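Engineer: Here is a sequence together with a model predicted from it:
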Amino acid sequence: MANQQQPTPYRVLARKYRPRNFDEVIGQDALIRTLRNAIESNRIHHAYMLTGIRGTGKTTTARLIARALNYTGADGKAGPTTGPTDDCAICQAIAEDRCPDVMEMDAASRTGVDDIREILDGVRYAPTAARYKIYIIDEVHMLSKNAFNALLKTLEEPPPRVIFIFATTEIRKVPVTVLSRCQRFDLRRVDAITLSAYYGKIAGLEKVQTEDEALAMIARAADGSVRDGLSLLDQAIALGGDKVSAAQVRGMLGLGDRQQVMDLLEMSLKGDTAKALGIMDEMYKAGADPVTLMQDLLDLTHILTRLKAVPDTRDLRGALAQDMTGRATALAGSMTMPVLGRTWQLLLKGLGEVSHAPDAQAAAEMAVIRLIYASGLPDPADLLKKIKKSGDAAPAASYAPGPSGGDSRTVNVRTGTTGGSVAVSAPSPQEEYATVPAKALASLADVEALLQAHREARLASDVYQYVHLIKIQNGKLDIRVESEARKEFVGELRDALSRLTGTRWNVILGNEAGSPTLAQQKEAAQQALRDQAAKHPVVAEVLRLFPGTEISVRMDAEAPEKDKP
């Protein structure tokens with residue numbers, strides 16, 4: 001029976017199209033330019049540190065450096081090059097991982113000092129076939145502290161013709177003593193536009209038809225990683241065969257239609273609950289992931305904010321298709337910057353909730369409903385302008401102070417949704433307490449003021465909270481005291497009044513109801529102000545628009561200095 005030929009194993013796109021020379025590396029122009037100049041001018045460093053996120057070409061670049069430095073050409077006499085190396089036998093051996101002078105080690109699986117000792121033992125010997133002996137250590141941050149220490153001396157002064165190339169995704173975990181001995185290169189994320197064009201080129205080589213929108217989705221999902229995007233393209237080709245459509249990629253990635261995402265955001269900002277939730281239902285049934293949907297809404301809000309801040313911006317990093325850019329520009333122009341900022345904050349909070357909620361779709365709907373509810377909130381700047389135009393920034397509120405005067409007051413209208421407030425100043429008497437003449441105590445407020453003026457804070461607080469005045473006259477104070485007051489309070493009050501006024505005082509506990517305490521009087525006055533403020537046209541309109549809004553009254557004595565008149 002004749003031997004049947006085994007089919008050639010399939011090679012994934014990330015391996016099949018790995019760059020073979022510096023010209024094929026994408027998105028790392030500064031790195032390639034520096035390496036070219038260094039090789040052409042023979043300024044070869046003995047240690048390189050390549051860092052960046054996964055899939056940006058760290059290991060690939062390390063292998064390209066090894067091939068470029070060891071290039072000998074077809075005749076075996078050429079020197080280092082920055083061009084193609086396909087005609088070199090040593091470079092071919094390096095590419096196939098069978099060159100004895102180019103050793104690659106995975107520090108994630110070989111982390112100890114013994115593993116490094118194997119390298120150090122081989123460093124002493126000259127290369128056997130290649131020009132340079134090169135050690136490529138991937139994920140170098142995984143080495144132990146002792147392994148790093150063992151490497152330091154050799155790394156600082158390696159023998160001639162020995163080069164170290166390190167690669168890591170966690171540069172902060174590499175000791176500074178190692179970094180200082182290396183020439184560092186930071187590999188950048190590859191932008192979505194460059195990735196999209198590159199994936200289109202790969203699809204053409206694979207004879208696969210692809211829609212531009214599908215490639216743009218894959219490029220965005222790759223998040224700057226060339227390898228991640230190639231893996232997604234591999235998956236998309238397996239799904240769609242010889243034709244990859246945007247709908248297929250959208251379903252594969254669990255994405256929502258960008259047009260639908262914009263519709264959802266627009267309906268939410270218009271306050272159309274029915275349409276917004278209807279769009280969410282359609283997207284969920286089509287397979288859109290709630291977390292991804294919230295991220296898409298955040299991305300779109302960021303794009304609208306950039307368009308609002310810089311209307312003629314051109315750098316959207318491939319985030320929107322050409323036909324959607326005009327619509328996004330128009331939508332951004334119809335919104336204010338405070339609204340966009342509030343939208344961002346609500347969606348950002350919603351993303352965290354959706355990520356941890358037991359029912360992600362329900363949490364996403366709640367986030368959108370909050371956004372819809374907030375869409376009716378007025379712009380704080382517009383609200384202040386409206387108050388100024390009304391001609392009277394304060395309600396016709398008044399407060400009848402006690403016989404000894406009172407404090408100035410500010411009425412605040414506070415909305416429960418945003419926490420913002422509108423200050424409406426009420427008339428305030430100018431009289432202030434400093435000290436009260438010893439024989440001029442005519443009210444409970446005068447007693448409390450005298451104690452405050454002489455730093456009897458505890459007694460003053462007890463008088464304010466617990467004392468009901470029955471009668472005060474000529475050194476005689478008739479009061480009723482709340483049960484919460486201290487037992488020794490009455491005696492301490494009598495002694496303090498006698499000492500501060502120079503007159504012997506008699507404090508008598510009576511059974512009559514007496515007047516309300518000073519604390520109760522203040523609360524009643526604040527409630528009167530709240531009731532009066534609620535009648536102001538602007539405040540009344542706020543209360544009508546936002547059910548649940550509360551009106552708070554703040555005494556100017558409690559306000560920050562900058563807020564006081």
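Structural biologist: That came in fine, so what should we check first?

Engineer: R11: how many residues sit nearby?
Structural biologist: 10 (other Cβ atoms under 10 Å). In this view, the C-beta of every residue, glycine as well, is placed from N, C-alpha and C.

Engineer: now swap in R189 and tell me
Structural biologist: Counted with other Cβ under 10 Å, R189 comes out at 16.

Engineer: For it, give me its contacts.
Structural biologist: Applying Cβ atoms under 8 Å, 6 or more residues apart in numbering to R189 gives the contacts 27, 52-53, 56, 223-225.

Engineer: Now do the SS call for it.
Structural biologist: Assigned with DSSP: H, G, I helix; E, B strand; the rest coil, R189 falls in the coil class.

Engineer: hang on, the earlier thing: who wins for most neighbours among the contacts of R189?
Structural biologist: Highest neighbour count within those: T56, with 26 neighbours (other Cβ under 10 Å).

Engineer: ok so, going back, among the contacts of R189, find the lowest-pLDDT one for me.
Structural biologist: Within the set of these, pLDDT is lowest for D223 (81).

Engineer: How about the contacts made by that one?
Structural biologist: 53, 189.

Engineer: distance of it from E96?
Structural biologist: 31 Å (Cβ to Cβ, to the nearest Å).

Engineer: now do L331
Structural biologist: Separation of L331 from E96 (Cβ to Cβ): 54 Å.

Engineer: one step back: for the contacts of R189, give me CSV that also has distance to N146.
Structural biologist: As requested, those are exported to CSV (distance: Cβ to Cβ, whole Å):
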residue, distance to N146
G27, 37
G52, 27
I53, 28
T56, 30
D223, 35
G224, 34
S225, 32
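
Engineer: Of L331 and E96, which one has the most company?
Structural biologist: L331 (19 against 8).

Engineer: Pretty sure that one sits against I303.
Structural biologist: No - with contacts counted by Cβ atoms under 8 Å, L331 stays clear of I303, the gap being 9.8 Å.

Engineer: joint contacts of the two?
Structural biologist: Listed contacts common to L331 and I303 are nil; contacts here mean Cβ under 8 Å, 6+ apart.

Engineer: Which positions in stretch 335-355 come out as buried?
Structural biologist: 335, 339-340, 342-344, 346-347, 350-351, 353-354 (16 or more other Cβ atoms under 10 Å).

Engineer: Mind putting those into TSV with secondary structure?
Structural biologist: As requested, those are arranged in TSV below (three-state DSSP):
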residue	secondary structure
M335	coil
V339	helix
L340	helix
R342	helix
T343	helix
W344	helix
L346	helix
L347	helix
G350	helix
L351	helix
E353	helix
V354	helix
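
Engineer: ok, the closest residue to S515 other than its chain neighbours - how many residues close by?
Structural biologist: Using Cβ to Cβ, 6 or more residues apart in numbering and skipping residues adjacent in sequence, the residue nearest S515 is L469, 4.9 Å away. The number of residues packed near L469 is 19, by other Cβ under 10 Å.

Engineer: All the strands of the protein, residue numbers only.
Structural biologist: 47-51, 102-106, 133-138, 162-168, 183-186, 209-210, 243-244, 409-414, 421-425, 467-473, 476-481, 506-509, 550-555 (DSSP state E).

Engineer: can you list those strands in CSV and add mean pLDDT and distance to R117?
Structural biologist: What follows is those, written out as CSV (pLDDT from 0 to 100; distance: least, Cβ to Cβ, whole Å):
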stretch, mean pLDDT, distance to R117
strand 47-51, 93, 18
strand 102-106, 89, 12
strand 133-138, 92, 13
strand 162-168, 93, 15
strand 183-186, 92, 25
strand 209-210, 90, 50
strand 243-244, 88, 50
strand 409-414, 45, 69
strand 421-425, 44, 69
strand 467-473, 85, 85
strand 476-481, 85, 85
strand 506-509, 84, 90
strand 550-555, 70, 72
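
Engineer: now these as a markdown table including distance to K385?
Structural biologist: Shown next, in a markdown table, are those (distance: least, Cβ to Cβ, whole Å):
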| stretch | distance to K385 |
| --- | --- |
| strand 47-51 | 52 |
| strand 102-106 | 65 |
| strand 133-138 | 61 |
| strand 162-168 | 55 |
| strand 183-186 | 49 |
| strand 209-210 | 52 |
| strand 243-244 | 53 |
| strand 409-414 | 16 |
| strand 421-425 | 11 |
| strand 467-473 | 46 |
| strand 476-481 | 51 |
| strand 506-509 | 55 |
| strand 550-555 | 21 |
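
Engineer: Next, the contact list for M280, please.
Structural biologist: Per Cβ under 8 Å, 6+ apart, neighbours of M280: 264, 293, 361, 364-365, 368.

Engineer: Recalculate using a threshold of 10 Å.
Structural biologist: 256, 260, 264, 267-268, 288, 290, 293, 361, 364-365, 368 (Cβ atoms under 10 Å, 6 or more residues apart in numbering).

Engineer: can those go into JSON lines with extra columns for pLDDT and distance to I116?
Structural biologist: What follows is the contacts of M280, written out as JSON lines (pLDDT from 0 to 100; distance: Cβ to Cβ, whole Å):
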{"residue": "G256", "pLDDT": "60", "distance to I116": "50"}
{"residue": "Q260", "pLDDT": "83", "distance to I116": "55"}
{"residue": "L264", "pLDDT": "90", "distance to I116": "55"}
{"residue": "M267", "pLDDT": "90", "distance to I116": "61"}
{"residue": "S268", "pLDDT": "89", "distance to I116": "57"}
{"residue": "A288", "pLDDT": "81", "distance to I116": "49"}
{"residue": "P290", "pLDDT": "89", "distance to I116": "47"}
{"residue": "L293", "pLDDT": "88", "distance to I116": "48"}
{"residue": "Q361", "pLDDT": "91", "distance to I116": "51"}
{"residue": "A364", "pLDDT": "92", "distance to I116": "50"}
{"residue": "E365", "pLDDT": "92", "distance to I116": "55"}
{"residue": "V368", "pLDDT": "92", "distance to I116": "55"}
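
Engineer: quick one: M337 from P9, how far?
Structural biologist: For M337, the distance to P9 - Cβ to Cβ - is 56 Å.

Engineer: Show me the domain layout of this protein.
Structural biologist: 13-186, 192-253, 261-376, 380-565 (automatic domain parsing).

Engineer: any idea which of the ones you listed is most buried?
Structural biologist: Of all the domains of the chain, domain 192-253 carries the top mean neighbour count, a mean of 19, counting by mean count of other Cβ atoms under 10 Å.

Engineer: Now find how far off-centre that domain is within its chain.
Structural biologist: From the chain centre to the centre of domain 192-253 is a distance of 29 Å (Cα atoms, centre = their mean, to the nearest Å).

Engineer: Just give the closest residue to the residue positioned nearest the centre of the chain, not the sequence neighbours.
Structural biologist: In the chain, the centroid-proximal residue (Cα atoms, centre = their mean) is L348; its distance is 7.7 Å. Nearest non-adjacent residue to L348, counting by Cβ to Cβ, 6+ apart: L298, 6.5 Å away.

Engineer: The one you found reaches V354, doesn't it?
Structural biologist: No - between L298 and V354 there is no contact under Cβ atoms under 10 Å: 11.1 Å.

Engineer: list the residues that contact both of those two?
Structural biologist: L347.

Engineer: Quick one: low-confidence residue ranges for the stretch 401-550 of the chain.
Structural biologist: Scanning the stretch 401-550 of the chain with the threshold set as pLDDT under 70 gives 401-440.

Engineer: Check the stretch 251-400 of the chain too.
Structural biologist: Within the stretch 251-400 of the chain, the segments meeting pLDDT under 70 span 254-257, 313-323, 379-384, 386-400.

Engineer: same thing but 50
Structural biologist: 391-400 (pLDDT under 50).

Engineer: Now the terminal residues of stretch 69-86, how far apart.
Structural biologist: Length of stretch 69-86, first residue to last, Cα to Cα, to the nearest Å: 14 Å.

Engineer: Find out how far that stretch is from the centre of the chain, if you would.
Structural biologist: For stretch 69-86, the distance to the chain centre is 49 Å (Cα atoms, centre = their mean).

Engineer: residues making contact with it?
Structural biologist: 20-24, 32, 35-40, 42, 44, 64-68, 87-95, 99, 101-102, 127, 129-134, 161, 163.
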